[in-house]
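Chemist: Whatever this is, show me its structure:
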Amino acid sequence: MSFEASGFNEVDGLLFSLLSYIDWSDAVDQDYHDSITLKDAASILLQKEDLCHMLAVDNEKYREVLDLCSKSVRFSSIKLLHYINKYSPEIQMQFAAIVFEINNTLVFSFRGTDDTFTGWQEDFNMSILKTVPSQSEALAYFIGTSNRFTKHDFILCGHSKGGNLAVFSAVMSPEVLSDRIRLVYSYDGPGFMSSNNDAYKYKKIVSRITTFVPQSSIVGMFLDHEEKHVVIKSTASNGLAQHNGLTWEVLGNSFEHLEDTDKRSKFLEMTFKNAIANTSVEEREKLAEALSQVFEMMEADTLTDVKRNIPASVAQFVKGYDSLSDSSKRIISFTFRTVISSRKQTSTSLEISDNNSIKPIPQIKQHKLEMLISKINKNFRR
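Modeler: Alright, predicted model coming up:
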C-alpha cells in the first residue's frame with residue numbers, strides 16, 4: 001500500500017531507522033539534490049558482500065530487508081539523498097545519517113551505534129559531556145539539509161543512539177524549522193542527562209516525540225526521558241536481543257503494545273541512575289580516559305574484529321590494562337564497585353523476592369525477521 005493510501009506510521013519509522021545502518025556510500029550521493037530511488041540504490045548495494053556493521057546483526061537479515069523494500073510498492077520509489085558517514089577516533093565521534101523523501105516530507109534517519117569502539121566510547125560520553133560530537137553533527141545535518149527544502153515537512157527518527165540524535169536535533173533546532181517537524185521517533189534510544197535539557201525548547205516539541213522500547217529494554221533505560229514512551233512486545237528472550245528492532249511484533253500498521261516494561265528493565269533503569277548519582281562527572285571522565293587508553297593498545301577497531309580473534313583480543317586488553325597508571329586502574333576498579341553497589345541498592349529498593357528474582361541474561365539467540373518482513377512482503381504483493 002502506497003504512502004498516499006496509508007500515511008507514515010510507527011513501523012515505517014523503525015524500518016527507516018534500521019536502514020540507516022546500511023553503508024549507502026556506493027549508491028547515495030552526499031549532495032542534497034542528487035537523489036536515487038530505493039529500488040535503484042538496492043540494485044547496486046545488493047551486489048556487495050557487507051551491507052552494514054552492526055553488533056549482533058546478521059548481514060543477511062539486512063540483505064533480505066533491503067531486497068523486500070526494493071520490490072515493495074510502498075518503499076521502492078522513495079528517494080534517498082544526502083548520505084553522510086563520519087568517523088573520528090580523535091574526538092570520539094561516530095555519526096551517519098540519510099534522508100528519505102516521501103512526497104513533500106523528508107524523513108531524517110540517524111544511525112545508532114555501530115560496532116566500533118569509538119561509537120561505544122561516545123555513548124559513554126553522553127553521561128559526561130553536555131553535547132557529544134555526533135549530536136552536534138546531527139543538528140548541523142538537519143539544519144543544513146532542511147534549510148534547502150522550504151516546502152517540506154520533516155520526520156526525524158533513529159534506533160539506539162540514532163534515536164537520541166533525532167530527539168536532540170528536533171529539540172535544539174531553530175523554531176522556524178522545529179515548527180515544520182511532524183513526528184520524532186526514538187527506537188530504544190538513550191535519554192539525556194536531565195541537567196542538559198533546554199526545558200523551554202523541549203516543552204515546545206515534546207508532544208511530537210515518542211520513544212519506543214521493548215519490554216526488557218536496556219539501552220532505552222539509559223539516562224532520562226521526559227517524552228511519552230510506548231512499550232513494544234519483542235519475540236526475543238532478553239533485553240540485549242530485544243534491542244534488535246527486527247524482533248518487535250507488528251500488528252497491521254503498528255506494533256503490538258504492552259502496558260509497561262518488565263521488572264528486569266526497571267531494575268536496570270534504577271541501577272543506571274544510582275550508578276550515575278554515585279559517581280561524579282570527574283570520576284566518569286577519568287574512567288573514559290582510562291578505557292580509551294586500553295582500547296588504543298588493542299589492534300582491533302571494532303567488536304567484530306574482537307569476535308574474529310577473541311584470545312588475541314583478550315590478551316591485548318589485558319596488556320592495555322596492565323599499562324595503565326595505578327590511578328587509572330583505581331578509577332576502573334572504583335567504577336565497577338559502584339555499579340555493583342548500585343545493583344544491590346536497586347535490588348533492595350525493588351524488594352525482589354526469591355520467586356521473582358533477576359536471572360542472569362541468557363545467551364543471545366538468532367531470531368526471525370518476524371512481522372516486519374511480513375508487512376513489507378504484503379506490500380510487495382499488492
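
Chemist: in the stretch 51-200 of the chain, which spans are helices?
Modeler: Using DSSP state H, counting those that start in this stretch, the helices of the stretch 51-200 of the chain run over 59-70, 117-125, 133-146, 161-172, 175-178, 199-205.

Chemist: can you tell which of those helices is closest to L268?
Modeler: Of all these, helix 117-125 sits nearest to L268, with 15.1 Å by Cβ to Cβ. In this view, the C-beta of every residue, glycine as well, is placed from N, C-alpha and C.

Chemist: Now do the closest one, average pLDDT.
Modeler: Helix 117-125 shows a mean pLDDT of 67.

Chemist: go on, stretch 232-252?
Modeler: Rounded mean pLDDT across stretch 232-252 is 85.

Chemist: in it, what's buried?
Modeler: 232-250 (16 or more other Cβ atoms under 10 Å).

Chemist: where are the low-confidence patches of the stretch 51-200 of the chain?
Modeler: 53-58, 114-121, 123, 127, 193-198 (pLDDT under 70).

Chemist: one more time with 90, if that's ok
Modeler: In the predicted model, the stretch 51-200 of the chain carries pLDDT under 90 at residues 51-63, 87-94, 112-133, 160, 188-200.

Chemist: related to what we said a few turns ago, and the helices of the stretch 51-200 of the chain, which is most packed in?
Modeler: Greatest average neighbour count among those goes to helix 161-172 (a mean of 28), per mean count of other Cβ atoms under 10 Å.

Chemist: Please narrow the buried residues of stretch 232-252 to those residing in strands.
Modeler: Among those, the members falling in strands (DSSP state E) are 232, 250.

Chemist: could I get the helices of the stretch 51-200 of the chain as a markdown table with distance to I22?
Modeler: A markdown table is the format used below for the helices of the stretch 51-200 of the chain (distance: least, Cβ to Cβ, whole Å):
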| stretch | distance to I22 |
| --- | --- |
| helix 59-70 | 6 |
| helix 117-125 | 16 |
| helix 133-146 | 17 |
| helix 161-172 | 13 |
| helix 175-178 | 26 |
| helix 199-205 | 28 |
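
Chemist: Of the ones you listed, which is nearest A97?
Modeler: Once these are compared by Cβ to Cβ, helix 133-146 is nearest, at 5.4 Å.

Chemist: between the closest one and helix 161-172, how big is the angle?
Modeler: 60 degrees (axes from the mean of the first three to the mean of the last three Cα atoms, to 10 degrees).

Chemist: now for helix 133-146, which elements pack on it?
Modeler: On a contact count with 3 or more Cβ pairs under 8 Å, 6 or more residues apart in numbering; DSSP states H and E, helix 133-146 meets strand 79-88, strand 93-102, strand 105-110, strand 153-159, helix 161-172, helix 175-178.

Chemist: at 7 Å instead, please
Modeler: strand 79-88, strand 93-102, strand 105-110, helix 161-172 (3 or more Cβ pairs under 7 Å, 6 or more residues apart in numbering; DSSP states H and E).

Chemist: for those, which one sits closest to F222?
Modeler: It is, among the helices and strands packed on helix 133-146 and with distance given as Cβ to Cβ, helix 161-172, at 9.2 Å.

Chemist: any idea how far Y202 lies from M172?
Modeler: Remark: distance between Y202 and M172 (Cβ to Cβ, to the nearest Å) = 9 Å.

Chemist: hmm, I was thinking of K48
Modeler: Taking Cβ to Cβ, one finds K48 at 35 Å from M172.

Chemist: give me the low-pLDDT residue ranges for the stretch 251-382 of the chain?
Modeler: In the stretch 251-382 of the chain, residues with pLDDT under 90: 251-253, 259-382.

Chemist: got the helices and strands packed on helix 133-146 as CSV, with distance to I44 columns?
Modeler: Converted to CSV, the helices and strands packed on helix 133-146 look like this (distance: least, Cβ to Cβ, whole Å):
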stretch, distance to I44
strand 79-88, 11
strand 93-102, 14
strand 105-110, 19
helix 161-172, 23
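
Chemist: out of those, nearest to S6?
Modeler: Closest among those, using Cβ to Cβ: strand 93-102, at 11.8 Å.

Chemist: and the closest one with strand 105-110, angle?
Modeler: Using the same axes, to 10 degrees, strand 93-102 lies at 160 degrees relative to strand 105-110.
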